[in-house]
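Visitor: Below are the sequence and a predicted model; questions follow.
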Amino acid sequence: MTRLFGRPNPSRCSSVVASLIPFVLGLILNAQTDLPKQETHTCAIYGRVLSRATNEPLQAAVVRLSDARRVREDFSDPLFGLRARSSNPDYVMDSLADGSFCFVSVKPSQYVLTASKAGFLDSSYGSKGYLKTGAVIRISDSEKSHAEASLQLAPLSGIVGKVIDVGRNSIREANVVAIKQTWGQGRKIFMPVQGTQSNERGEFRIGKLTPGTYYVYAGPLPFAGARAGEKQFVRTYYPGAINMRESIAITVPVGEDLEGVIIHAQTADTFHVRGRVEGSIDHWRGGLVTLRRVDEEAMAVVVAGFSNIDPDGSYDFAHVAPGLYALTFRSTFGAGRTQIAVKTSDLVANVPVVGNGEIRGRLVVEGRQSTGISFDSPPRIALTTADAVIGPSYPISVDPEGTISAHKISPGKYFLNIVLPSGEFVRTVKIGSTEVTSGEIDMSAGGITEVTVIIGLGTSTLTGIVTSASAKADAGASDKALPPVHIMLIPERGRTDGSDIYFGATDDTNHFAMSRVAPGKYRALALESFDTQALQNPGLLKALASWGTQVALEENDVRSVDLQLISSASLEGLTARRVFSNNLVSLP
């Protein structure tokens, strides 16, 4: 029987005290953990980072507070880096053990709050669905203005399945790869993102995947070799296709594993593809020949094989499965491409080689009679690849007289990128006598390409105000302050890579002003959020532009326009239809 009262026992007292120590420490720690909540008046922006799957706090998540105007108005120059239009710094801290964070001394401005942690998807405060840009937090006075902004991070996803043969036997040590469909430079791109090997039971799990649409294939390990005279295990796309065109794309959900992906591995007779690189040894010495399925050309890394060039210009690919292939050669002196069909026997095919090309031309500034060109800062011009996922880029020199030139350019298609000082704009680009509006230059034939760039003087300014349907519906609330929103100007005759889209943002009074805009016809939109990568989808961009207000700007023009806010919900529905529909998932 336990005695509740009586003379104390020293040993029992010490054991009781010892047992209370963890309890007391726990109270102290809990009190310390709760401090941020009790003293939030000292924080300009505070909150917690939680797991979306378990709602548990996440420690050591990197929480970043970035100036919203820089996030929305910066543009990425593919060759010359990021040009910031705001001097406000980023504020960065790690979340504490309870997931809390607190930014105390924050310069008054508008901010975007993001969090990241290994094993989780990055998240922006207020972001919705697949739209990556989140809500904007306005801090007008860090001593008086406070904002609570918690974030949830979703775990990365996975694909779980099995590789089996026609007899439903497991295939071990198969190379299994997930390829994500995305958009870039106005075209589809397929990027191998994660891979693994099947185990002794043929099972596999590909982890660390972001949500989205994927193609999955299984194939023999690279350089695994093959036995002559037997059908070989060849690269097979889910569920059992030997080329990507006939495969089925799968959609991976947010923060979950997609299970039951069974790949029925195919076998086929394989053959040699042999041949020679044509042309001068000066074009092909030190080069490399690659063999790639035609339906995989919009994909980085994955190739059917590499072959070094022998001293006599010959090459040989072994173990090539039937299919339609692109045979490509590239060296520092030239390049070539031809298409071949492998059917039921060995094939001999030669690769024609074209020598490197060059750019010659000039800049012409309208309204200047002198032959020389004068800018406060010199224009920057470059070529970036337009017909490859990964490819070369070349700077173009500009002399004081306006002559432009570039040499030793590998044959192919390129985007012409021009960065001009303030107040100037590119009016026209001509290849020979033909005007180019897409921004692309085709130099596949090598040789000399004559380029003329006509520069106009006198950019324009567009101002305006943004209202929302909900604000108009509220009596007397037509002037209700909206959270800062994104302004977008989409040219009616735009470049295929989308680099001529203008971005801006509203201020505290729902007004915006966008300067240094090239004259032309545009569609103007006010967006609550958007995904810059999705804007590389021409179908989405065209549909989005149809929602905009038409604006025509003349040189040195100042115009004003009223825009109605397009909500994230509306844009998310459009994005889902355009990005993840079967029509756009299917291959070209």
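Guide: Happy to help now that I have it.
Visitor: Tell me who's in contact with the closest residue to Arg187 other than its chain neighbours.
Guide: With sequence-adjacent residues excluded and distances taken as Cβ to Cβ, 6 or more residues apart in numbering, Arg187 is closest to Ala298, at 6.9 Å. Yep, even glycine has a C-beta here, placed from its N, CA and C like the rest. The contact partners of Ala298, taken as Cβ atoms under 8 Å, 6 or more residues apart in numbering, are 187-190, 389, 588.
Visitor: Pull out the buried residues from those residues.
Guide: Of the members of the contacts of Ala298, the ones counted as buried by neighbours, 16 or more other Cβ atoms under 10 Å, are 187-190, 389.
Visitor: So which of those sit within strands?
Guide: By the criterion of DSSP state E, membership of the buried ones among the contacts of Ala298 in strands covers 187-190.
Visitor: Identify each buried residue in stretch 205-220, please.
Guide: Using 16+ other Cβ under 10 Å as the test for burial, stretch 205-220 gives 206, 209-220.
Visitor: Out of the contacts of Ala298, which two sit at the greatest distance?
Guide: Farthest apart among those by Cβ to Cβ are Val389 and Pro588. That separation is 14.3 Å.
Visitor: Return the closest of the buried ones among the contacts of Ala298 with respect to Leu462.
Guide: Nearest to Leu462 among the buried ones among the contacts of Ala298, counting by Cβ to Cβ, is Arg187 at 29.2 Å.
Visitor: ok, that closest one to Asn350 distance?
Guide: Taken as Cβ to Cβ, to the nearest Å, the spacing of Arg187 relative to Asn350 amounts to 29 Å.
Visitor: Tyr238 now?
Guide: When Tyr238 is compared with Asn350 (using Cβ to Cβ), they lie 35 Å apart.
Visitor: Neighbour count: these two, which is higher?
Guide: Here Tyr238 and Asn350 are set side by side on neighbour count (other Cβ atoms under 10 Å), and the busier one is Tyr238, at 23 against 17.
Visitor: what is the closest residue to that one other than its chain neighbours paired to in the beta sheet?
Guide: Leaving out its chain neighbours, the residue that sits closest to Tyr238 by Cβ to Cβ, 6+ apart is Val216, at 4.6 Å. Val216 forms beta bridges with Ala178, as assigned by DSSP bridges.
Visitor: Ok, Pro491 next?
Guide: Each beta-bridge partner of Pro491 is listed here: Tyr522, as defined by DSSP bridges.
Visitor: shouldn't it be in contact with Val517?
Guide: No: Pro491 sits out of contact with Val517 when judged by Cβ atoms under 8 Å, with a separation of 9.9 Å.
Visitor: In this structure Gln550 contacts Leu525, no?
Guide: No: under the criterion of Cβ under 8 Å, Gln550 is not in contact with Leu525, lying 11.1 Å apart.
Visitor: which of the two has more neighbours?
Guide: Just comparing Gln550 and Leu525: by other Cβ under 10 Å the higher neighbour count belongs to Leu525, 23 against 11.
Visitor: in the strand or helix carrying that one, what counts as buried?
Guide: Using DSSP states H and E, the element containing Leu525 is strand 520-527. By 16+ other Cβ under 10 Å, the buried positions in strand 520-527 come out as 520, 522-527.
Visitor: Return the distance of stretch 505-524 from the chain's centre.
Guide: The gap between the average C-alpha position of stretch 505-524 and the chain average comes to 25 Å, counting by Cα atoms, centre = their mean, to the nearest Å.
Visitor: swap in stretch 267-274?
Guide: Remark: stretch 267-274 is offset 36 Å from the chain centroid, using Cα atoms, centre = their mean.
Visitor: Please identify the buried residues of that stretch?
Guide: Buried, per 16+ other Cβ under 10 Å, within stretch 267-274: 268, 270-271, 273-274.
Visitor: Equivalent analysis for stretch 348-360, please.
Guide: Judged by neighbour count using 16+ other Cβ under 10 Å, the buried positions of stretch 348-360 are 349-351, 353-357, 359.
Visitor: Save the residues you listed as a markdown table, and put in secondary structure too.
Guide: Putting the buried residues of stretch 348-360 into a markdown table (DSSP: H, G, I helix; E, B strand; the rest coil) gives the following:
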| residue | secondary structure |
| --- | --- |
| Ala349 | coil |
| Asn350 | coil |
| Val351 | strand |
| Val353 | coil |
| Val354 | strand |
| Gly355 | strand |
| Asn356 | coil |
| Gly357 | strand |
| Ile359 | strand |
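Visitor: Dump those residues into TSV; add pLDDT and distance to Leu416 as well.
Guide: What follows is these, written out as TSV (pLDDT from 0 to 100; distance: Cβ to Cβ, whole Å):
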residue	pLDDT	distance to Leu416
Ala349	94	33
Asn350	93	32
Val351	91	28
Val353	89	25
Val354	89	20
Gly355	89	21
Asn356	92	17
Gly357	95	14
Ile359	96	9
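Visitor: Out of these, which is nearest to Ile340?
Guide: Top of the list for closeness to Ile340, among the buried residues of stretch 348-360 and by Cβ to Cβ, is Ala349 at 4.8 Å.
Visitor: Which parts of the stretch 51-200 of the chain are helices?
Guide: Assigned helices in the stretch 51-200 of the chain, in chain order: 68-73 (criterion: DSSP state H, counting those that start in this stretch).
Visitor: ranges for the strands of the stretch 401-550 of the chain?
Guide: Listed in chain order, the strands of the stretch 401-550 of the chain (DSSP state E, counting those that start in this stretch) span residues 403-409, 413-419, 424-431, 434-435, 440-442, 447-457, 460-467, 486-491, 502-505, 511-517, 520-527, 549-553.
Visitor: actually the stretch 251-400 of the chain, not the one I wrote
Guide: All strands of the stretch 251-400 of the chain, identified by DSSP E, counting those that start in this stretch, fall at 257-264, 266-268, 271-276, 288-293, 305-308, 314-320, 323-330, 334-342, 347-348, 354-355, 357-365, 380-385, 393-398.
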